[in-house]
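S.K.: Turn this into a structure:
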Amino acid sequence: MLRDVLPNTVLITRPQDDGVLLAEKIQQRCRDAQVIVAPVLKIEPVHFELPSMKIDAIVLTSKHGVEAAAARCLDVPIFCVGDGTQRAAVQAGLNAVSAEGTWVELVALIRKSPCKKLLYIRGEHVRVDLCAQLAAAGLETYSVVAYRQIACRFSADVRQEIALQQSIVLPLFSPRSAKIVSQNLDPYTGEITLISLSQAVADAWSGPMASKVICAKVPNSGAMFDLIVSQLD
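M.R.: Alright, predicted model coming up:
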């Protein structure tokens, strides 16, 4: 089977809505870019009950928690780990601020505030035990799971399309997605340029050997986007 001769197809494996938005953004910047959107995670909402204690603030580490936060109509500030989550929260009408970094910056930002009782709205799978980190900082935190991140397999059509590519640019945004994509992409024999949100994400990769691994200097979507398009110019 002949491979596509076009260089550097971008394989986006983010959840469907996130993946489509990223694909559109890439194609607006690089109009000749070929993009395959193949989600390996499906976001599924989960019902949860609010704690009985008074809440001073809500903590979000993903924009997938924004809808749940907005639906609860709590008139409290929202602390977000990064700019993407903060933008989504503001668009939903919430009073949100960004730590512009990782959980380390997020904890530091909250500690500077007068808020002491927190509601952490999260997904079923998390890499860092943020509740423990907040507790260590003297902050009482109630954690609720508001959504599940369900692993998905590539469809037969997607696998065939990927197999036709001579090379792919593969952005990865979490250790868990890196592991899932590793399994999905195992038969691929073309060149892979791995673009990773962090070293931890790169370390989670166990799929075909990448010809190049690039880690974002800052762990945010803006830095990832810049790295992706740098491989398409």
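
S.K.: Now the longest strand anywhere in the chain: buried residues?
M.R.: In terms of residue count, the longest strand belonging to the chain (DSSP state E) is strand 140-151. Applying a neighbour-count criterion of 16 or more other Cβ atoms under 10 Å, the buried positions in strand 140-151 are 141, 142, 143, 144, 145, 146, 147, 148, 149. All C-beta spots, glycine's among them, are computed from the backbone N, C-alpha and C.

S.K.: Likewise for stretch 199-218?
M.R.: Under the neighbour-count criterion of 16+ other Cβ under 10 Å, stretch 199-218 has 201, 202, 204, 205, 207, 208, 210, 213, 214, 215, 216 buried.

S.K.: mind putting those in TSV, secondary structure included?
M.R.: TSV is the format used below for these (DSSP: H, G, I helix; E, B strand; the rest coil):
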residue	secondary structure
201	helix
202	helix
204	coil
205	coil
207	coil
208	coil
210	coil
213	strand
214	strand
215	strand
216	coil
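
S.K.: just to revisit the earlier point, for the longest strand of the chain, C-alpha coordinates in CSV please.
M.R.: Extracted C-alpha coordinates of strand 140-151, given in CSV (Å, rounded to 0.1, in the frame of the first residue of the first chain):
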residue,chain,number,x,y,z
GLU,A,140,-9.8,22.1,53.3
THR,A,141,-10.9,20.6,50.0
TYR,A,142,-13.9,18.5,49.0
SER,A,143,-13.4,16.6,45.8
VAL,A,144,-16.1,15.5,43.4
VAL,A,145,-15.9,13.6,40.1
ALA,A,146,-18.0,15.5,37.5
TYR,A,147,-17.0,13.6,34.4
ARG,A,148,-15.3,10.4,33.2
GLN,A,149,-12.6,10.2,30.6
ILE,A,150,-13.4,6.9,28.8
ALA,A,151,-10.7,5.3,26.6
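
S.K.: All the helices of the protein, residue numbers only.
M.R.: Chain-ordered helices for the chain, with DSSP state H as the definition, fall at 16-29, 66-71, 83-91, 103-111, 130-136, 156-163, 175-184, 199-203, 221-230.

S.K.: got those as JSON lines, with mean pLDDT and distance to residue 58 columns?
M.R.: Written out in JSON lines, the entries for the helices of the chain read as follows (pLDDT from 0 to 100; distance: least, Cβ to Cβ, whole Å):
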{"stretch": "helix 16-29", "mean pLDDT": "95", "distance to residue 58": "21"}
{"stretch": "helix 66-71", "mean pLDDT": "92", "distance to residue 58": "5"}
{"stretch": "helix 83-91", "mean pLDDT": "93", "distance to residue 58": "9"}
{"stretch": "helix 103-111", "mean pLDDT": "95", "distance to residue 58": "11"}
{"stretch": "helix 130-136", "mean pLDDT": "93", "distance to residue 58": "12"}
{"stretch": "helix 156-163", "mean pLDDT": "95", "distance to residue 58": "36"}
{"stretch": "helix 175-184", "mean pLDDT": "96", "distance to residue 58": "23"}
{"stretch": "helix 199-203", "mean pLDDT": "96", "distance to residue 58": "25"}
{"stretch": "helix 221-230", "mean pLDDT": "94", "distance to residue 58": "21"}
